[in-house]
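quick one, structure for this:
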Amino acid sequence: MAGYFSTFLVILTLGSGLIWLVDHLMFAPKRKERIALAQSSSGVALDQEALDKIAPLPAITESAISIFPMIAAITIFRSFIFEPFQIPSGSMMPTLLVGDFILVQKYTYGIKDPVWRTQLVEMDNPERGDITVFKYPIDTNVDFIKRVVGLPGDTVVYRNKQLYIKPQCQSGETQNAGLKCGEFNKIGLNLVNEDEFSMQGMALPRLTEELSGVGHDILINPMALEAKGRYFQQPGTKADEWRVPADSYFVMGDNRDNSADGRFWGFVPKENLVGKAVFIWMSFEFDNTADDFLPGWIPTGVRFNRLGSIQ
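The predicted structure is shown next:
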């Protein structure tokens, strides 16, 4: 849906800009000539009402001239700098909650044209721990948000609620971003609490995961079985092991037992990256139930304590 809106903005910007340009080069000079001729013939200064009758500005041209600067600014800002997104599900809890409105930094991983998504300028590559928005590989009309866990060349294992990473290293390297080369690194977990979040009456322990020296919180459901039978399977690997191809990334949700992520559909190609989630600018609560008078999409409160940078 976001892709369609981007295309609409570009078409609207180009259309209004073209109308303004054609008018500026071809029709505006003719209107000025008619006005000048009328002024000289009358011998007195004509008021605006008279001028509008002598050289009327077409309604479509007037609309294009009035909206073009604003639409152009919005298109540039949204396409190349920051784009707002709303969190639709709980797959990134506890980091991101349903009702969070975030800003995604579009230029972090490179500047792309907003329609065909052709890479125009190369920038940085994702790092382990980045929260990234990307085009869902199975349906690129849908935007997903997950955390980058595996980089190109990494081997990732997720077994018994525990993450292991064997990093891709260059010749002579002994470490890569805090991970030892040539072996699987058990990613550290520290319990934060066990009673803050729950699902269907089951308490979900909140833990801090140390990924390449950067901590972020995750949720696990101790009673949920790992759905290895539905995992994405690569030839020559175990059911819970993934080797990240070149120019691709392995991503997971922070809500580990409630996230349709790379474990189930594979890898995110570099060209699918949209940007890095960097800031929560608004957060609404939606606590209405089916028995309430107000519909569920109307907010019941604002979580001001959640506003700020995303970790």
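
ok, then the element right after the host helix or strand of Ser6?
Taking DSSP states H and E as the criterion, Ser6 maps to helix 2-22. The helix or strand immediately downstream of helix 2-22 is helix 28-42, counting by DSSP H and E.

mean confidence for the helix holding Ser6?
Average pLDDT, helix 2-22: 85.

report how many residues lie close to the closest residue in space to Pro167 that isn't next to it in sequence.
Closest residue to Pro167 apart from its sequence neighbours, by CB to CB, 6 or more residues apart in numbering: Asn176 at 4.0 Å. The C-beta positions use only the backbone N, C-alpha and C, and glycine is treated the same way. Neighbour count of Asn176, defined by other CB atoms under 10 Å: 20.

contacts only, for Asn176.
Counting by CB atoms under 8 Å, 6 or more residues apart in numbering, Asn176 touches 167-169.

ok, so of these, who is nearest Thr289?
Pro167 (46.4 Å; CB to CB).

wait, doesn't that closest one sit right on Asn185?
Yes - here Pro167 lies in contact with Asn185, judged by CB atoms under 8 Å, at a distance of 7.3 Å.

okay, and the common contacts of these two?
Counting by CB under 8 Å, 6+ apart, the residues touching both Pro167 and Asn185 are Leu179.

returning to that earlier point: by contact count, what packs against the helix holding Ser6?
Here helix 2-22 touches helix 59-76, going by 3 or more CB pairs under 8 Å, 6 or more residues apart in numbering; DSSP states H and E.

who touches the helix it packs on?
9-10, 12-13, 15-17, 19-20, 23, 27, 114.

among those, which two are most distant?
Among these, Phe27 and Pro114 lie farthest apart (CB to CB), at 29.7 Å.

who has more neighbours out of the two?
Taking other CB under 10 Å, Phe27 and Pro114 do not tie; Pro114 has more neighbours (19 against 14).

which residue packs closest to the more buried one, ignoring adjacent ones?
Ser79 (3.9 Å).

any weak-confidence spans in this protein?
1-3, 290, 293-294, 296-297 (pLDDT under 70).
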